[in-house]
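Student: Okay, sequence plus prediction incoming.
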Amino acid sequence: MDPLRANPSPSPSPDADWPRIRGVAWTGAGPRTIDGRDELAVVLADPDARLWVDVTAPSHIQVNEVADLLSLHPLIAEDIAEKNQRAKVEEIEGSIHIVMFAIAYEGEITETEIDLVLNHRSLLTVHEPHWDPWAMPQLRGDPAHLVKRGPDFLLYALTDGIVDGYFPVLDAIEDEIDALQDDVIAKPNTWTLERLFALKRQLIGLRRAMSPAREIFNQLTNRDLALVKPEHIVYFRDVYDHLIRVTDELDNDRELVAGTLEVYLSTINNNLSTIMKRLTGVTVILAGIGAVAGLFGMSEAGVALAGGEGSGFWVVTGFVVAGATATAIVLRRIDWI
């Protein structure tokens, strides 16, 4: 097999089998692709090789195998295998372990945990198939040349792509908030309330996934880390600036949802007040008629309808009708009915 490949950035097929170990390396002979554990072991035998190893949906055993090949601390392998970590950064025996989350939004928020481990000659990424780093525009179809600049520069490119993916998600959420605000004003209903509460829960989840990432890049840019070249720190600061914008937009969205929920409750209360006013107006009219009818009694109604009642009955009836009509006109003018 020729150690040099024509295509240094393989892309996964839609029906690729998982788990999968792949990657790229920059050796003294130029770029080389890695496909499988055996090829990874061959590349690692070259002490001058710099490489990126991407592992998709691995088992616990495969994580340990790759960690052994890359000489990673067992605690790092354990954290990767267990998953369900929060966003964090920690340095263990010369390796930097970073946990971040790729976010997608298609009506619902989906989070994909990504483990990135940087050491002096390699970058390891471990994730589920929902996220495909090879499709990132930051890699420009040729990650080998990023590896050539150093694994830390490739770490910047991948994390920059992850953070850039947050902005379309926040834009989609803001569009949905705008639509819900229109619904709250025009036609508040139970579905609108349910969607507002769902968005509120999702924004809390986003904050839990995104906000700790600021501390990650704060440490990468302010701590003296031997694995990050001084000339590359400025790139990580750019990602840190993007995260500040992300957290600001996230906080703004949470305030918008809370404000929309308050508007919804106010609208419902206003509608209820309007209904109560109308019912009160109708009650005023009927109460007046009932009071007069109770005063004069209804026992003579049959006689009156038979034409045997005197003119006084009709005078009282006309007065009642005129009074009820006048009351209805007044209540209509003050918008009570």
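Tutor: Happy to help now that I have it.
Student: what's downstream of the helix or strand bottoming out on mean pLDDT in the chain, the next helix or strand?
Tutor: Scoring the helices and strands of the chain by mean pLDDT, DSSP states H and E places helix 301-305 at the bottom, with a mean of 57. Per DSSP states H and E, helix 301-305 leads on to helix 311-333 as the next helix or strand towards the C-terminus.
Student: other SSEs contacting that next one?
Tutor: Under the contact criterion of 3 or more Cβ pairs under 8 Å, 6 or more residues apart in numbering; DSSP states H and E, helix 311-333 touches helix 233-296. Any C-beta I mention is one placed from the backbone N, CA and C, and that applies to glycine too.
Student: which strands and helices sit next to the helix it packs on?
Tutor: Against helix 233-296 (3+ Cβ pairs under 8 Å, 6+ apart) you get helix 151-164, helix 166-186, helix 190-210, helix 212-222, helix 311-333.
Student: mind putting the ones you listed in a markdown table, mean pLDDT, distance to N270 and mean neighbour count included?
Tutor: Formatted as a markdown table, the helices and strands packed on helix 233-296 follow (pLDDT from 0 to 100; distance: least, Cβ to Cβ, whole Å; neighbours: other Cβ atoms under 10 Å):
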| stretch | mean pLDDT | distance to N270 | mean neighbour count |
| --- | --- | --- | --- |
| helix 151-164 | 94 | 42 | 22 |
| helix 166-186 | 89 | 11 | 16 |
| helix 190-210 | 86 | 15 | 16 |
| helix 212-222 | 88 | 41 | 19 |
| helix 311-333 | 75 | 19 | 13 |
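Student: Of all the ones you listed, which one comes closest to V63?
Tutor: The closest of the helices and strands packed on helix 233-296 to V63 is helix 151-164. By Cβ to Cβ, the value is 18.6 Å.
Student: could I get that closest one in CSV with only the CA atoms?
Tutor: Extracted in CSV, the C-alpha atoms of helix 151-164 (Å, rounded to 0.1, in the frame of the first residue of the first chain):
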residue,chain,number,x,y,z
PRO,A,151,-2.1,20.1,16.3
ASP,A,152,-3.0,23.2,18.3
PHE,A,153,-3.8,25.1,15.1
LEU,A,154,-6.1,22.3,14.0
LEU,A,155,-7.7,22.5,17.5
TYR,A,156,-8.4,26.1,16.9
ALA,A,157,-10.0,25.4,13.5
LEU,A,158,-12.3,22.7,14.9
THR,A,159,-13.4,24.7,17.9
ASP,A,160,-13.9,27.8,15.7
GLY,A,161,-16.2,25.7,13.5
ILE,A,162,-18.1,24.4,16.6
VAL,A,163,-18.7,27.9,17.9
ASP,A,164,-19.6,29.3,14.5
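Student: quick check: angle from that helix to helix 190-210?
Tutor: Put simply, helix 151-164 runs at 170 degrees to helix 190-210, going by axes from the mean of the first three to the mean of the last three Cα atoms, to 10 degrees.
Student: For helix 151-164, name the packing helices and strands.
Tutor: Helix 151-164 packs on strand 50-56, strand 95-105, strand 109-118, strand 122-127, helix 143-148, helix 233-296, going by 3+ Cβ pairs under 8 Å, 6+ apart.
Student: Mean neighbour count, mean pLDDT and distance to S211 added to these, as a markdown table?
Tutor: Supplementary listing: the helices and strands packed on helix 151-164 in a markdown table, determined by neighbours: other Cβ atoms under 10 Å; pLDDT from 0 to 100; distance: least, Cβ to Cβ, whole Å:
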| stretch | mean neighbour count | mean pLDDT | distance to S211 |
| --- | --- | --- | --- |
| strand 50-56 | 23 | 93 | 26 |
| strand 95-105 | 22 | 92 | 11 |
| strand 109-118 | 20 | 92 | 13 |
| strand 122-127 | 24 | 94 | 20 |
| helix 143-148 | 22 | 89 | 28 |
| helix 233-296 | 15 | 82 | 6 |
